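In: turn this into a model:
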Amino acid sequence: MLLGGTVCGAYSTPEEWERLLAASRFKAVTAPFHCGMPEKEIAGYLDAVKRQGAVIAEIGVWKNLFDPDPGKAASAMAYAKGQLALADACGIPCCVNIAGTQSPAGWDAADKSNFTRETYERIIQSIREIIDSVRPERACYSIEPMPWMVPDGPETYLQLLRDVDREHFAVHMDFVNMINCPRRYLDAEGFIDECFRTLAPYIRSTHLKDTRMHPTRLTTVLEECSPGEGTLDFERVLAVIDKYLPADAPVLLEHMQTFEEYERAYTYVADCAARARIAI
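Out: Model prediction:
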(Lines give C-alpha, C1' and ligand atoms only; values in the text may rest on other atoms or scores of the structure.)
Protein backbone atom coordinates (compact mmCIF):
# COMPACT_ATOMS: atom_id res chain seq x y z
CA MET A 1 0.00 0.00 0.00
CA LEU A 2 1.02 3.61 -0.49
CA LEU A 3 0.92 5.17 2.98
CA GLY A 4 0.50 8.92 3.21
CA GLY A 5 -1.78 11.72 4.26
CA THR A 6 -2.24 15.46 3.99
CA VAL A 7 1.01 17.41 3.81
CA CYS A 8 0.89 19.69 6.82
CA GLY A 9 2.93 22.81 7.58
CA ALA A 10 3.40 26.38 6.43
CA TYR A 11 3.78 26.84 2.67
CA SER A 12 2.68 29.30 0.01
CA THR A 13 4.30 27.87 -3.14
CA PRO A 14 4.65 24.45 -4.74
CA GLU A 15 8.37 24.55 -3.93
CA GLU A 16 7.74 25.06 -0.22
CA TRP A 17 5.09 22.35 -0.24
CA GLU A 18 7.49 19.96 -1.98
CA ARG A 19 10.03 20.32 0.81
CA LEU A 20 7.35 19.34 3.33
CA LEU A 21 6.30 16.41 1.15
CA ALA A 22 9.88 15.14 0.97
CA ALA A 23 10.22 15.33 4.76
CA SER A 24 6.87 13.59 5.35
CA ARG A 25 7.89 10.29 3.68
CA PHE A 26 4.36 10.14 2.22
CA LYS A 27 3.83 8.16 -0.98
CA ALA A 28 0.17 9.19 -1.35
CA VAL A 29 -1.29 12.61 -0.58
CA THR A 30 -4.46 14.67 -0.76
CA ALA A 31 -4.48 17.34 -3.45
CA PRO A 32 -2.99 20.64 -2.23
CA PHE A 33 -4.93 22.57 -4.89
CA HIS A 34 -8.49 23.15 -6.09
CA CYS A 35 -10.36 24.08 -9.23
CA GLY A 36 -10.28 27.81 -8.44
CA MET A 37 -6.48 28.04 -8.60
CA PRO A 38 -4.38 29.10 -11.62
CA GLU A 39 -3.39 26.28 -13.96
CA LYS A 40 0.29 27.15 -13.64
CA GLU A 41 0.20 26.76 -9.87
CA ILE A 42 -1.63 23.44 -10.13
CA ALA A 43 0.99 22.24 -12.61
CA GLY A 44 3.69 23.17 -10.11
CA TYR A 45 2.17 20.93 -7.46
CA LEU A 46 1.73 18.08 -9.94
CA ASP A 47 5.39 18.34 -10.92
CA ALA A 48 6.42 18.33 -7.26
CA VAL A 49 4.45 15.14 -6.60
CA LYS A 50 6.05 13.45 -9.60
CA ARG A 51 9.57 14.46 -8.56
CA GLN A 52 9.02 12.96 -5.10
CA GLY A 53 7.72 9.67 -6.47
CA ALA A 54 4.32 10.11 -4.82
CA VAL A 55 0.73 10.08 -6.07
CA ILE A 56 -2.28 12.28 -5.39
CA ALA A 57 -4.86 9.86 -4.07
CA GLU A 58 -7.85 12.15 -3.72
CA ILE A 59 -9.16 15.66 -4.07
CA GLY A 60 -11.85 16.87 -1.70
CA VAL A 61 -15.09 18.78 -2.16
CA TRP A 62 -16.19 19.05 1.49
CA LYS A 63 -19.21 21.21 0.79
CA ASN A 64 -22.90 20.68 1.55
CA LEU A 65 -24.88 19.94 -1.61
CA PHE A 66 -28.12 20.11 0.42
CA ASP A 67 -27.44 23.35 2.26
CA PRO A 68 -30.76 24.92 3.31
CA ASP A 69 -29.57 28.13 1.64
CA PRO A 70 -30.29 27.54 -2.09
CA GLY A 71 -27.44 29.80 -3.17
CA LYS A 72 -24.91 27.91 -1.05
CA ALA A 73 -26.26 24.58 -2.27
CA ALA A 74 -25.90 25.67 -5.91
CA SER A 75 -22.37 26.91 -5.24
CA ALA A 76 -21.48 23.59 -3.61
CA MET A 77 -22.82 21.67 -6.60
CA ALA A 78 -20.80 23.79 -9.03
CA TYR A 79 -17.68 23.29 -6.92
CA ALA A 80 -18.20 19.51 -6.79
CA LYS A 81 -18.40 19.41 -10.58
CA GLY A 82 -15.30 21.58 -10.85
CA GLN A 83 -13.33 19.35 -8.49
CA LEU A 84 -14.33 16.18 -10.33
CA ALA A 85 -13.38 17.75 -13.67
CA LEU A 86 -10.02 18.78 -12.23
CA ALA A 87 -9.45 15.30 -10.80
CA ASP A 88 -10.14 13.81 -14.21
CA ALA A 89 -7.80 16.24 -15.96
CA CYS A 90 -5.01 15.54 -13.46
CA GLY A 91 -5.46 11.78 -13.27
CA ILE A 92 -6.53 11.84 -9.61
CA PRO A 93 -8.59 8.67 -9.05
CA CYS A 94 -10.94 9.89 -6.33
CA CYS A 95 -12.98 13.09 -5.87
CA VAL A 96 -14.61 12.82 -2.46
CA ASN A 97 -17.38 14.59 -0.57
CA ILE A 98 -19.98 13.66 2.03
CA ALA A 99 -23.59 13.11 1.01
CA GLY A 100 -24.96 16.37 2.42
CA THR A 101 -27.59 17.40 4.94
CA GLN A 102 -30.57 19.72 5.16
CA SER A 103 -29.64 20.57 8.75
CA PRO A 104 -29.02 24.26 9.56
CA ALA A 105 -26.55 23.12 12.24
CA GLY A 106 -23.62 22.63 9.84
CA TRP A 107 -22.44 21.06 6.61
CA ASP A 108 -21.77 17.66 8.21
CA ALA A 109 -24.37 17.70 11.00
CA ALA A 110 -26.34 14.80 12.42
CA ASP A 111 -30.01 15.34 11.60
CA LYS A 112 -33.08 13.11 11.49
CA SER A 113 -33.61 14.10 7.85
CA ASN A 114 -30.31 12.45 6.88
CA PHE A 115 -31.95 9.00 6.74
CA THR A 116 -35.28 9.78 5.13
CA ARG A 117 -36.27 8.25 1.81
CA GLU A 118 -36.48 11.73 0.30
CA THR A 119 -32.88 12.49 1.27
CA TYR A 120 -31.72 9.13 -0.10
CA GLU A 121 -33.28 9.94 -3.46
CA ARG A 122 -31.66 13.38 -3.41
CA ILE A 123 -28.28 11.74 -2.77
CA ILE A 124 -28.74 9.45 -5.77
CA GLN A 125 -29.81 12.31 -8.03
CA SER A 126 -27.03 14.66 -6.89
CA ILE A 127 -24.33 12.04 -7.56
CA ARG A 128 -25.79 11.29 -10.96
CA GLU A 129 -25.96 14.99 -11.81
CA ILE A 130 -22.30 15.53 -10.94
CA ILE A 131 -21.05 12.51 -12.88
CA ASP A 132 -23.36 13.01 -15.89
CA SER A 133 -22.41 16.68 -16.12
CA VAL A 134 -18.65 16.13 -15.97
CA ARG A 135 -18.49 12.79 -17.82
CA PRO A 136 -15.12 11.82 -16.34
CA GLU A 137 -12.93 9.26 -18.07
CA ARG A 138 -10.38 8.55 -15.31
CA ALA A 139 -11.61 9.99 -12.02
CA CYS A 140 -14.47 8.73 -9.86
CA TYR A 141 -16.79 10.66 -7.59
CA SER A 142 -17.21 9.13 -4.14
CA ILE A 143 -18.94 9.69 -0.83
CA GLU A 144 -17.11 9.38 2.47
CA PRO A 145 -19.08 7.29 4.97
CA MET A 146 -20.31 9.12 8.06
CA PRO A 147 -21.62 7.79 11.41
CA TRP A 148 -24.90 9.71 11.00
CA MET A 149 -25.25 10.06 7.25
CA VAL A 150 -25.64 7.75 4.24
CA PRO A 151 -23.64 5.61 3.70
CA ASP A 152 -23.11 4.47 7.30
CA GLY A 153 -22.20 0.82 6.65
CA PRO A 154 -20.76 -1.44 3.93
CA GLU A 155 -24.10 -2.90 2.84
CA THR A 156 -25.64 0.59 2.70
CA TYR A 157 -22.71 1.73 0.55
CA LEU A 158 -23.06 -1.28 -1.76
CA GLN A 159 -26.76 -0.53 -2.20
CA LEU A 160 -25.98 3.10 -2.96
CA LEU A 161 -23.53 2.00 -5.65
CA ARG A 162 -26.25 -0.10 -7.23
CA ASP A 163 -28.89 2.63 -6.99
CA VAL A 164 -26.68 5.38 -8.44
CA ASP A 165 -25.72 3.02 -11.25
CA ARG A 166 -22.85 5.03 -12.69
CA GLU A 167 -19.49 3.56 -13.71
CA HIS A 168 -17.62 6.54 -12.26
CA PHE A 169 -19.22 6.40 -8.84
CA ALA A 170 -16.84 4.57 -6.52
CA VAL A 171 -16.06 4.00 -2.84
CA HIS A 172 -14.13 6.16 -0.46
CA MET A 173 -13.31 3.88 2.46
CA ASP A 174 -13.38 5.28 5.99
CA PHE A 175 -14.07 2.31 8.25
CA VAL A 176 -13.67 4.27 11.50
CA ASN A 177 -16.54 6.54 10.48
CA MET A 178 -18.70 3.42 10.15
CA ILE A 179 -17.71 2.09 13.57
CA ASN A 180 -20.68 3.92 15.03
CA CYS A 181 -21.99 1.53 17.68
CA PRO A 182 -20.62 -0.79 20.40
CA ARG A 183 -21.35 -3.92 18.36
CA ARG A 184 -19.05 -2.76 15.55
CA TYR A 185 -16.47 -1.35 17.98
CA LEU A 186 -16.14 -4.50 20.05
CA ASP A 187 -15.35 -6.57 16.96
CA ALA A 188 -13.69 -3.76 15.06
CA GLU A 189 -11.19 -5.82 13.09
CA GLY A 190 -13.93 -8.24 12.05
CA PHE A 191 -16.10 -5.34 10.94
CA ILE A 192 -13.19 -3.80 9.02
CA ASP A 193 -12.71 -7.11 7.21
CA GLU A 194 -16.43 -7.02 6.31
CA CYS A 195 -16.05 -3.48 4.93
CA PHE A 196 -13.20 -4.43 2.61
CA ARG A 197 -14.66 -7.83 1.69
CA THR A 198 -17.88 -6.12 0.61
CA LEU A 199 -16.50 -3.03 -1.11
CA ALA A 200 -12.91 -3.75 -2.20
CA PRO A 201 -13.55 -3.82 -5.98
CA TYR A 202 -14.93 -0.27 -5.81
CA ILE A 203 -12.47 1.38 -3.39
CA ARG A 204 -10.39 4.23 -4.79
CA SER A 205 -8.98 5.74 -1.57
CA THR A 206 -8.85 4.78 2.12
CA HIS A 207 -8.59 6.85 5.29
CA LEU A 208 -6.62 5.45 8.21
CA LYS A 209 -7.19 6.43 11.83
CA ASP A 210 -7.95 4.89 15.21
CA THR A 211 -10.98 4.78 17.50
CA ARG A 212 -11.75 4.38 21.19
CA MET A 213 -14.88 3.92 23.22
CA HIS A 214 -15.28 5.26 26.74
CA PRO A 215 -16.22 2.06 28.62
CA THR A 216 -17.76 3.70 31.68
CA ARG A 217 -19.66 6.61 30.15
CA LEU A 218 -23.32 6.08 29.30
CA THR A 219 -24.67 6.33 26.77
CA THR A 220 -22.08 5.24 24.20
CA VAL A 221 -19.25 7.66 23.43
CA LEU A 222 -17.03 6.75 20.46
CA GLU A 223 -14.09 8.97 19.59
CA GLU A 224 -11.80 9.16 16.59
CA CYS A 225 -8.09 9.45 17.36
CA SER A 226 -4.65 9.08 15.79
CA PRO A 227 -3.23 5.59 15.13
CA GLY A 228 -1.82 4.17 18.35
CA GLU A 229 -4.04 6.31 20.58
CA GLY A 230 -7.08 4.03 20.34
CA THR A 231 -7.73 0.31 20.49
CA LEU A 232 -7.45 -0.91 16.90
CA ASP A 233 -4.91 -3.65 16.25
CA PHE A 234 -3.09 -2.02 13.35
CA GLU A 235 -1.15 -5.11 12.39
CA ARG A 236 -4.49 -6.83 11.78
CA VAL A 237 -6.03 -3.75 10.13
CA LEU A 238 -3.11 -3.38 7.73
CA ALA A 239 -3.26 -7.10 6.97
CA VAL A 240 -6.93 -6.71 5.99
CA ILE A 241 -6.15 -3.79 3.69
CA ASP A 242 -3.21 -5.67 2.17
CA LYS A 243 -5.40 -8.75 1.64
CA TYR A 244 -8.15 -7.01 -0.31
CA LEU A 245 -6.52 -4.04 -2.08
CA PRO A 246 -3.75 -3.82 -4.71
CA ALA A 247 -0.17 -3.20 -3.62
CA ASP A 248 -0.33 0.40 -4.90
CA ALA A 249 -3.59 1.30 -3.14
CA PRO A 250 -3.40 4.72 -1.40
CA VAL A 251 -4.02 4.73 2.36
CA LEU A 252 -4.15 8.17 3.97
CA LEU A 253 -3.69 9.23 7.57
CA GLU A 254 -6.04 12.08 8.42
CA HIS A 255 -7.18 14.70 10.88
CA MET A 256 -3.85 15.44 12.52
CA GLN A 257 -3.22 19.15 12.96
CA THR A 258 0.57 19.49 12.71
CA PHE A 259 3.47 18.04 10.77
CA GLU A 260 4.76 16.46 13.98
CA GLU A 261 1.43 14.71 14.65
CA TYR A 262 1.42 13.24 11.16
CA GLU A 263 5.04 12.17 11.63
CA ARG A 264 4.20 10.29 14.84
CA ALA A 265 1.21 8.60 13.25
CA TYR A 266 3.20 7.63 10.16
CA THR A 267 6.00 6.16 12.26
CA TYR A 268 3.52 4.16 14.37
CA VAL A 269 1.77 2.70 11.32
CA ALA A 270 5.09 2.05 9.54
CA ASP A 271 6.35 0.10 12.57
CA CYS A 272 3.13 -1.96 12.62
CA ALA A 273 3.51 -2.64 8.89
CA ALA A 274 7.10 -3.78 9.38
CA ARG A 275 6.06 -6.23 12.11
CA ALA A 276 3.29 -7.53 9.85
CA ARG A 277 5.72 -7.72 6.90
CA ILE A 278 3.58 -5.43 4.78
CA ALA A 279 5.25 -3.08 2.33
CA ILE A 280 4.25 0.59 2.49
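In: relative to Asp187, how far out is the residue located most distally from the centre of the chain?
Out: Relative to the centre of the chain, the most outlying C-alpha is that of Thr216, 30.6 Å out, by C-alpha atoms, centre = their mean. Taken as C-beta to C-beta, to the nearest Å, the spacing of Thr216 relative to Asp187 amounts to 20 Å. For every residue, glycine as well, the C-beta is placed using N, CA and C.
In: before we move on, what about Ile42?
Out: 43 Å.
In: before we move on, what about Asp193?
Out: In this structure, Asp193 and Asp187 are 10 Å apart, going by C-beta to C-beta.
In: of the two, which one has the most company?
Out: When neighbours are counted by other C-beta atoms under 10 Å, Asp193 and Asp187 differ, and Asp193 comes out ahead with 19 against 13.
In: look up the closest residue to that one, ignoring the ones flanking it.
Out: Counting by C-beta to C-beta, 6 or more residues apart in numbering, Val240 is the residue found nearest to Asp193 once chain neighbours are left out, at 5.0 Å.
In: list the contacts for the one you found?
Out: The contact partners of Val240, taken as C-beta atoms under 8 Å, 6 or more residues apart in numbering, are 189, 192-193, 196.
In: got a winner among the residues you listed for most neighbours?
Out: Neighbour counts for those were taken using other C-beta under 10 Å; the highest belongs to Ile192, which has 24 neighbours.
In: check contacts around that one.
Out: Listed by C-beta under 8 Å, 6+ apart, the contact partners of Ile192 are 175, 237, 240.
In: tell me how far stretch 61-81 lies from the chain's centre.
Out: Taking the mean of its C-alpha atoms, stretch 61-81 sits 19 Å from the chain's own mean (C-alpha atoms, centre = their mean, to the nearest Å).
In: helices of the chain, start to end?
Out: Under the criterion DSSP state H, the chain carries helices at the ranges 14-24, 39-51, 70-90, 117-134, 154-164, 175-178, 182-186, 188-199, 234-244, 259-275.
In: give the buried residues for the longest one.
Out: Put plainly, it is helix 70-90. By 16 or more other C-beta atoms under 10 Å, the buried positions in helix 70-90 come out as 73, 76-77, 79-88, 90.
In: now do the fourth one
Out: Residues of helix 117-134 classed as buried under the neighbour-count rule (16+ other C-beta under 10 Å) are 119-120, 122-124, 126-128, 130-131, 134.
In: orientation of that helix relative to helix 154-164 in degrees?
Out: An angle of 60 degrees separates the directions of helix 117-134 and helix 154-164 when computed by axes from the mean of the first three to the mean of the last three C-alpha atoms, to 10 degrees.
In: elements contacting helix 117-134?
Out: Using 3 or more C-beta pairs under 8 Å, 6 or more residues apart in numbering; DSSP states H and E as the contact criterion, the secondary-structure elements in contact with helix 117-134 are helix 70-90, strand 140-143, helix 154-164.
In: what distance do you get for His214 to Glu223?
Out: Here His214 is placed at a distance of 7 Å from Glu223 (C-beta to C-beta).
In: swap in Thr258?
Out: Taking C-beta to C-beta as the measure, Thr258 and Glu223 are separated by 19 Å.
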